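[1] coords below, sequence missing:
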């Protein structure tokens with residue numbers, strides 16, 4: 001794609017792109033658009049500045065180029081060739097099948113206190129035998 005930065009004097013910036021004699025794109029700043037060109041096409045980028053004070057930090061980026069316009073000119077022409085398309089990415093070589101991993105040991109079970117016996121309900125508890133009480137002992141006579 002092609003992008004042109006924004007900047008303080010963007011309204012002064014104009015450009016036109018021709019490739020293989022055909023006008024492909026033109027615009028100002030800021031600008032952003034996708035473009036598809038044949039590899040090895042010959043291109044000419046004509047850059048203009050209304051006040052001849054350069055593009056002041058605004059850059060035209062695209063098709064393998066990063067360009068700007070120098071001060072003191074109304075028009076500047078850059079020529080370039082569209083880079084060849086990168087080779088198609090080749091798939092990675094097949095990997096050797098991974099060996100199955102041995103099963104990991106299971107973690108030890110957390111230690112728990114032993115379970116409590118179920119509570120006994122009053123109806124199921126065995127009755128307690130009455131405890132025999134010894135007969136009351138006679139009191140010794142009190143001294144008088």
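    Good, I have the coordinates. Bear in mind that the values here come from a model prediction, so they are computed numbers and not experimental data.

[2] Residue 8 reaches residue 55, doesn't it?
    No: counting by CB atoms under 8 Å, residue 8 stays clear of residue 55, with 10.7 Å between them. For the C-beta atoms, the positions are set from N, CA and C on the backbone; glycine is no exception.

[3] okay, the two: which has more neighbours?
    More neighbours surround residue 55 than the other of residue 8 and residue 55, with 25 against 9 (other CB atoms under 10 Å).

[4] so how far is residue 47 from that one?
    Residue 55 sits 7 Å away from residue 47, going by CB to CB, to the nearest Å.

[5] How many neighbouring residues does residue 23 have?
    9.

[6] Is it part of a helix or strand, or is it coil?
    strand (DSSP: H, G, I helix; E, B strand; the rest coil).

[7] element containing the nearest residue to it once chain neighbours are set aside?
    Distances taken as CB to CB, 6 or more residues apart in numbering place residue 16 nearest to residue 23, at 6.6 Å, with adjacent residues excluded. Using DSSP states H and E, residue 16 falls within strand 13-19.

[8] ditto for residue 61
    Here residue 61 is assigned to strand 60-62, by DSSP H and E.

[9] next structured bit after that strand?
    Following strand 60-62 toward the C-terminus (DSSP H and E): strand 65-67.
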